[in-house]
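> Below is the sequence, then the predicted model.
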Amino acid sequence: MPFNLPIFLTWLRVALIPIFVGVYYLPISFMPLITQNMVGSALFFLAAITDWFDGYLARRWNQTSSFGAFLDPVADKLMVAAALILLVELARAPTWLAVIIIGREITISALREWMAQQGKSKSTAVAYIGKLKTGAQMVAILLLLWAGPLWAGISTQFIGTLALYVAGILTIISMFYYLQLAAQQFKEE
């Protein structure tokens with residue numbers, strides 16, 4: 001297993017998951033809810049920014065590896081699933097929408113694994129629709145974790161919920177996109 005800064009950042013993202021989730025389980029007498037929201041959302045933001053930064057550095061410094069290619073999406077899926085489950089428990093996100101998003105992540109991860117075993121992993125590489133979906137998810141989760149006013153009294157709950165619905169729509173579209181790509185690969189054989 002290679003060890004470099006991009007892989008360290010990916011491991012950092014994994015390590016931040018229980019920390020940011022744990023913040024919301026601290027007693028209110030120790031850390032008031034508003035502080036939990038600020039600290040939890042800041043930790044999630046830090047974890048999310050490492051997702052972009054580790055990939056950028058790996059490509060820029062030519063430090064890509066098969067282990068990094070495996071670990072990065074696993075870290076992403078764990079981070080999103082943990083945050084969505086937490087948001088459902090905090091009554092800030094609908095359960096059915098979290099199930100759709102997490103279910104898609106599992107389905108596409110399994111599809112990519114299966115396609116790699118078939119020697120066709122390039123056909124399910126990350127597409128622009130997947131990047132849009134991830135961006136919408138990260139914005140939605142961040143705003144819903146913050147759960148406070150932005151500027152001029154604008155509610156992060158409202159904007160975050162709207163962004164989560166957008167992420168849900170993009171989740172379904174991107175899932176069908178990847179499934180269609182996989183089906184085309186096998187029709188050609």
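Right, received. Where do you want to start? Numbering: from 1, shown residues only.

> switch to C-alpha atoms for all contacts and neighbour counts from now on
Will do.

> Tell me where the chain is predicted with low confidence.
Per-residue confidence for the chain (pLDDT under 70) gives these ranges: 1, 120-126, 188-189.

> And the helices in it?
Using DSSP state H, the helices of the chain run over 5-23, 33-60, 66-89, 95-117, 128-146, 156-187.

> What count of nearby residues applies to the residue nearest to residue 38 when sequence neighbours are not counted?
Leaving aside its sequence neighbours, residue 38 sits nearest to residue 146 (Cα to Cα, 6 or more residues apart in numbering; 5.8 Å). By the criterion of other Cα atoms under 10 Å, residue 146 has 24 neighbours.

> swap in residue 128?
Neighbours of residue 128 using other Cα under 10 Å come to 10.

> Just give me the residue closest to the centre of the chain.
Centroid-nearest residue in the chain: residue 80, 3.8 Å away (criterion: Cα atoms, centre = their mean).

> residues touching that residue, list them.
By Cα atoms under 8 Å, 6 or more residues apart in numbering, residue 80 lies in contact with 102, 137, 138.

> Same list (those) but as JSON lines, adding neighbour count and distance to residue 48.
Below are these laid out as JSON lines (neighbours: other Cα atoms under 10 Å; distance: Cα to Cα, whole Å):
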{"residue": "102", "neighbour count": "19", "distance to residue 48": "17"}
{"residue": "137", "neighbour count": "24", "distance to residue 48": "10"}
{"residue": "138", "neighbour count": "23", "distance to residue 48": "7"}
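
> which one of the residues you listed sits closest to residue 182?
The shortest approach to residue 182 among the contacts of residue 80 belongs to residue 102, at 20.0 Å (Cα to Cα).

> For the closest one, which non-adjacent residue is closest in space?
Nearest residue to residue 102 in three dimensions, chain neighbours excluded: residue 81, at 6.0 Å (Cα to Cα, 6+ apart).

> what about the one you found, neighbour count?
Look at residue 81: counted by other Cα under 10 Å, it has 20 neighbours.

> do you know how far it is from residue 175?
Distance of residue 81 to residue 175, given as Cα to Cα, to the nearest Å: 16 Å.

> Also residue 13?
Remark: distance between residue 13 and residue 175 (Cα to Cα) = 24 Å.

> Which one's more surrounded, those two?
Using other Cα under 10 Å as the criterion, residue 13 and residue 175 rank with residue 13 on top: 25 against 20.

> was I right about that one contacting residue 45?
No - with contact defined as Cα atoms under 8 Å, residue 13 does not reach residue 45; the gap is 10.1 Å.

> intersection of neighbour lists for these two?
Jointly contacting residue 13 and residue 45 under the rule Cα under 8 Å, 6+ apart is no residue at all.

> what's residue 100 in contact with, if anything?
By Cα under 8 Å, 6+ apart, the contact list for residue 100 reads 168, 171, 172.

> and among the helices of the chain, the most buried is which?
When the helices of the chain are scored by mean count of other Cα atoms under 10 Å, the highest mean neighbour count falls to helix 128-146 (a mean of 21).
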